[in-house]
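Undergrad: Could you look at this predicted model? Sequence included:
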Amino acid sequence: MTSTQVIFLITALVTIFSAVMVVGSRKLFHSALWLILSFLGVASSFALLEASFFAIVQLLVYIGAIAILIIFAIMLTRDIMEDEWQQINRSWGLVLILVITIFSVLLGLYSTWSGFQTILNPLGISGQENILAFGKSILAPDGFALPFEASSVLLLAAMIGGIYIAMDRKQEGDEA
Amino acid sequence: MLDQWLYIGIFLGISLFLPAVAIFLASLLSPKKPNAIKNSVYECGVETRGETWVQFHVQYYIYALMFMIFDVETVFLYPFAVAYGQLTLFAVVEAIIFVTILLGGFVYTWKKGNLTWQ
């Protein structure tokens, strides 16, 4: 095994373990903290795949913003550290058998798919150059200009929708 | 390419290792004779009254949401900024439109008075 493979195995194990802890942790707040570690593992995987821009995006957006938003949302709930409810479903044994069956069937189906035999070619551009190429292509008229503008409309819709839901209606009623 | 990330990995390792060693050595070497005064909160802020895990005001969420949206915007603007020297006027106008559309949402929030603390 090369050192890259060892690093990949470690990050993959950390990612999977923390992802399991997200759903397994009894306290909601601890789940959110495990989620951050899981995101960090995904970011390291991106870094190992030499997709450095996506690694930074993963850090900046997922850990920097989405995890914080989730923590804020948890802090808004009434019982942050309460764990009086039963978290394990009573029929978990049956579900485990079903999930394993479906997983093995899917694995058997997908392993015959020719897409897995595709050998990925690395980009011909290295280092900072791929961000440059990305920047040029998202703004080029024959590139991804329309999806770029559409993403801003999507963000606008997300912002207005989220704020409309979170808005204090009573306060607004007083002003009107 | 991976060499650059190796430096970050080494730094991550060192930054986890050093505090862990310091805390471990301190717990190994220090004598353990606790009393009420030693265990009291010292220079850690005011002691809380009642529940520590209280429900927070919903307005924090709006700030976090705004931050997230503009964080994603930054991600899109970063490749634009890197490629700025080689871009045409069309692309720059496009980026301005991108920012302006999102600014519309900012103005909406502002006008609704969600950015003033109530």
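TA: Arrived safely.

Undergrad: Run through who's touching stretch B:77-97.
TA: A:53, A:128, A:131-132, A:134-136, A:138-141, A:145, A:148-149, A:152, B:98-99 (C-beta atoms under 8 Å, 6 or more residues apart in numbering or on different chains). Every C-beta, even on glycine, is put in place using the N, C-alpha and C of the backbone.

Undergrad: just the buried members of those?
TA: Among the contacts of stretch B:77-97, those that count as buried by neighbour count (16 or more other C-beta atoms under 10 Å in any protein chain shown) are A:53, A:131-132, A:134-136, A:138-140, A:145, A:148-149, A:152, B:98.

Undergrad: for the residues you listed, which one is nearest B:Phe67?
TA: Ranked by distance to B:Phe67 (C-beta to C-beta), those are led by A:Ser152 at 16.7 Å.

Undergrad: for the host helix or strand of the closest one, which positions count as buried?
TA: Assigned by DSSP states H and E, A:Ser152 belongs to helix A:145-166. Buried residues in helix A:145-166, counted by 16+ other C-beta under 10 Å: A:145, A:148-149, A:151-152, A:155-156, A:159-160, A:162-163, A:166.

Undergrad: Dump these to CSV, plus distance to A:Val6 and pLDDT.
TA: Formatted as CSV, the buried residues of helix A:145-166 follow (distance: C-beta to C-beta, whole Å; pLDDT from 0 to 100):
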residue, distance to A:Val6, pLDDT
A:Ala145, 42, 86
A:Phe148, 39, 89
A:Glu149, 43, 89
A:Ser151, 37, 90
A:Ser152, 42, 90
A:Leu155, 39, 90
A:Leu156, 44, 92
A:Met159, 43, 89
A:Ile160, 47, 89
A:Gly162, 42, 86
A:Ile163, 46, 86
A:Ala166, 45, 79
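
Undergrad: any chance of the residues you listed in TSV, with distance to chain B too?
TA: Shown next, in TSV, are those (distance: C-beta to the nearest C-beta, whole Å):
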residue	distance to chain B
A:Ala145	6
A:Phe148	7
A:Glu149	6
A:Ser151	7
A:Ser152	4
A:Leu155	5
A:Leu156	5
A:Met159	4
A:Ile160	6
A:Gly162	5
A:Ile163	5
A:Ala166	5
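
Undergrad: which among those gets closest to A:Leu98?
TA: Within these, proximity to A:Leu98 (C-beta to C-beta) peaks at A:Gly162, which comes in at 35.4 Å.

Undergrad: so what's that closest one closest to, chain neighbours aside?
TA: B:Leu65 (4.6 Å; C-beta to C-beta, 6 or more residues apart in numbering or on different chains).

Undergrad: likewise A:Leu35?
TA: Nearest to A:Leu35 is A:Val22, by C-beta to C-beta, 6+ apart, at 5.0 Å.

Undergrad: For residue 98, give me the pLDDT.
TA: Let's take chain A. Looking at A:Leu98, its pLDDT stands at 95.

Undergrad: you looked at the wrong chain, it should be chain B
TA: 91.

Undergrad: That one and B:Met68: what is the separation?
TA: B:Phe98 sits 17 Å away from B:Met68, going by C-beta to C-beta, to the nearest Å.

Undergrad: Okay then, goodbye and thanks.
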